[in-house]
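**Q** when you get a sec, could you give me coordinates for this:
(one chain, ligands or ions: 2)
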Amino acid sequence: MNILQKHKNRLCVQAEAAEPHQSSSDQSGLIQQVRSRMASLLRPLRIFFPARCCVPTRFYSGFVSRMRFLNSLKECDEACVAALQNAHIFLFHRLVPLLQQTGRGNLSPVFLTYSDVQSVLQKLGSDESLLKESILVGCSDQNQAQFCLDVGELDQAAVAEEFKGCFMDLRKAFFLLNGSGAPLVAKAQALLRWHQINRFCGATGQPTQRNQAGSQRVCSSSSIIYYPKMSPVVIVLVSDGKRCLLGRQSSFPRGMYSALAGFCDMGETLEEALCREVAEEVGVELQSISYSSSQHWPFPHSSFMLGCHATVSPAHTQLNVDLSELEDARWFTVEEISSGLQVKTTPRRGDPPSFWLPPKHTLANRLITEWRDRQRNSKDSMG
Ligand SMILES: NC(=O)C1=CN([C@@H]2O[C@H](COP(=O)(O)OP(=O)(O)OC[C@H]3O[C@@H](n4cnc5c(N)ncnc54)[C@H](OP(=O)(O)O)[C@@H]3O)[C@@H](O)[C@H]2O)C=CC1
Ligand SMILES: [Mg+2]
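**A** Residues are numbered from 1 along each chain as shown. Ligands and ions are numbered 1, 2, ... in the order given. Next up is the predicted model:
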């Protein structure tokens with residue numbers, strides 16, 4: 001039973017319990033009253049439920065309401081179509097996002113209304129049905145549903161001009177996007193890519209059909225349901241108590257070092273994956289592990305990154321780097337890390353070689369900053 005059906009049943013049960021003696025037409029009047037009361041309460045949230053979809057019967061904090069609302073749009077195609085008409089929509093062109101400069105020199109997605117997109121589609125010779133391809137991405141703090149749409153069939157330059165933005169490769173734009181824009185655009189691109197490459201069922205070869213929200217695809221022949229996928233990746237900042245361990249791949253920009261990372265193997269726990277990756281890449285054995293935080297990472301494809309701190313015994317810090325995976329790995333002092341964190345822009349070609357670290361928005365940066373802060377605090381507390 002889906003969530004809306006559950007809400008619908010609950011509403012009906014409540015209505016019946018409240019007025020058990022009423023005739024069925026009185027009860028349907030009561031349900032109608034409850035529905036319109038709900039609708040008036042939901043209106044400030046800009047949440048619209050079509051007549052056939054039932055509204056939730058309890059009200060929660062803004063966050064819980066938003067999560068329930070998003071879930072209801074995944075469960076009910078009609079509610080999702082209705083929400084799209086009042087949503088913010090941002091565009092991609094063959095997976096390249098449409099962005100604009102913000103006041104502080106950052107970038108943000110260009111948020112458009114349904115009618116903005118509709119009129120430009122008509123102007124550029126496409127039809128409105130393309131809008132139905134929009135995919136639900138999230139809900140803003142102001143309770144506005146957010147959808148993305150790939151308009152790859154239209155002329156890219158014409159769309160950019162109409163909306164006064166520019167299409168920019170996400171690898172170049174990611175670190176310039178504002179704090180809420182980066183994860184939103186990354187998630188949208190990952191969902192659009194997933195839909196592009198899952199048009200057919202891996203078991204039957206038959207086409208798959210998406211639900212309106214784009215949160216799943218179903219094989220038309222076998223009814224197998226496919227959900228968007230991410231690859232789990234572990235990332236770890238290893239410390240010997242005084243120094244931390246960073247490595248670089250030959251594909252990294254010159255001078256950049258990062259925390260050690262790797263894809264999880266099937267069947268591994270988080271801890272097993274961390275111990276294996278560190279053993280493989282630098283030949284040391286971890287002593288203790290503590291979880292820090294996680295991140296969705298869009299490159300090269302969708303990864304779910306789990307970030308940890310770990311220690312090795314100060315007696316076993318000798319590295320044996322696997323040069324087929326890493327170009328170099330080294331221990332860094334807190335002073336070196338502090339100066340690496342000061343470098344805010346990617347060094348340009350021709351600049352003298354300098355040590356720098358992954359920028360904001362990366363989990364590696366968060367782990368390294370956490371370690372630096374802890375080292376500073378422990379130095380301060382020791383006097
Ligand atoms: N956000 C952040 O702070 C950071 C993110 N990262 C990300 O972490 C990820 C993993 O780091 P990395 O050190 O490269 O990983 P690994 O050390 O696991 O090495 C990558 C290799 O693993 C193999 N592999 C195994 N499973 C997969 C899979 N599901 N998808 C792709 N390759 C797979 C591939 O080998 P083969 O080609 O031989 O098949 C690939 O070249 C990268 O995507 C990187 O962008 C890394 C550092 C910081
Ligand atoms: Mg690795």
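**Q** can you map out the helices along the stretch 101-250 of the chain?
**A** With DSSP state H, counting those that start in this stretch as the criterion, the stretch 101-250 of the chain has helices at 114-123, 156-163, 170-173, 181-196.
**Q** please enumerate the strands of the stretch 101-250 of the chain.
**A** Using DSSP state E, counting those that start in this stretch, the strands found in the stretch 101-250 of the chain span residues 107-109, 135-139, 145-150, 166-167, 208-210, 217-219, 225-226, 231-239, 244-248.
**Q** kindly reformat those strands as a markdown table containing mean neighbour count, mean pLDDT and distance to ligand 1.
**A** (Each C-beta comes from the backbone N, C-alpha and C, glycine too.) Below are the strands of the stretch 101-250 of the chain laid out as a markdown table (neighbours: other Cβ atoms under 10 Å; pLDDT from 0 to 100; distance: least, Cβ to the nearest ligand atom, whole Å):
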| stretch | mean neighbour count | mean pLDDT | distance to ligand 1 |
| --- | --- | --- | --- |
| strand 107-109 | 24 | 95 | 19 |
| strand 135-139 | 23 | 97 | 20 |
| strand 145-150 | 24 | 98 | 21 |
| strand 166-167 | 18 | 98 | 23 |
| strand 208-210 | 16 | 98 | 21 |
| strand 217-219 | 19 | 98 | 20 |
| strand 225-226 | 14 | 98 | 17 |
| strand 231-239 | 22 | 98 | 4 |
| strand 244-248 | 23 | 98 | 8 |
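**Q** out of those strands, which gets nearest to ligand 2?
**A** strand 244-248 (7.6 Å; Cβ to the ion).
**Q** would you list the strands of the stretch 101-250 of the chain in CSV and tack on distance to ligand 2?
**A** Shown next, in CSV, are the strands of the stretch 101-250 of the chain (distance: least, Cβ to the ion, whole Å):
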stretch, distance to ligand 2
strand 107-109, 29
strand 135-139, 29
strand 145-150, 30
strand 166-167, 31
strand 208-210, 33
strand 217-219, 31
strand 225-226, 28
strand 231-239, 9
strand 244-248, 8
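**Q** nearest to Asp322, out of the ones you listed?
**A** strand 244-248 (9.8 Å; Cβ to Cβ).
**Q** so what touches the closest one?
**A** With contacts defined as Cβ atoms under 8 Å, 6 or more residues apart in numbering, strand 244-248 is touched by 237-239, 256-260, 281-282, 284, 312, 319, 321, 326-332, 337, 357, 368, 371.
**Q** strand partners of the helix or strand just after it, parallel vs antiparallel please.
**A** Counting by DSSP states H and E, the next helix or strand C-terminal to strand 244-248 is strand 260-263. Paired neighbours of strand 260-263 in the sheet (DSSP bridges): strand 231-239 (antiparallel).
**Q** which bits of the protein sit near ligand 2?
**A** Within the chain, the positions near ligand 2 by Cβ under 5 Å from the ion are Ala261, Gly262.
**Q** please parse the chain into its domains.
**A** Following automatic domain parsing, one gets these domains for the chain: 3-79, 87-196, 231-381.
**Q** what's the closest non-adjacent residue to the residue positioned nearest the centre of the chain?
**A** Nearest residue to the geometric centre of the chain (Cα atoms, centre = their mean): Lys187, 3.7 Å. Distances taken as Cβ to Cβ, 6 or more residues apart in numbering place Val137 nearest to Lys187, at 5.8 Å, with adjacent residues excluded.
**Q** surely the one you found and Phe147 touch.
**A** Yes. The pair formed by Val137 and Phe147 meets the contact definition of Cβ atoms under 8 Å, at 6.2 Å.
**Q** lovely, talk soon.
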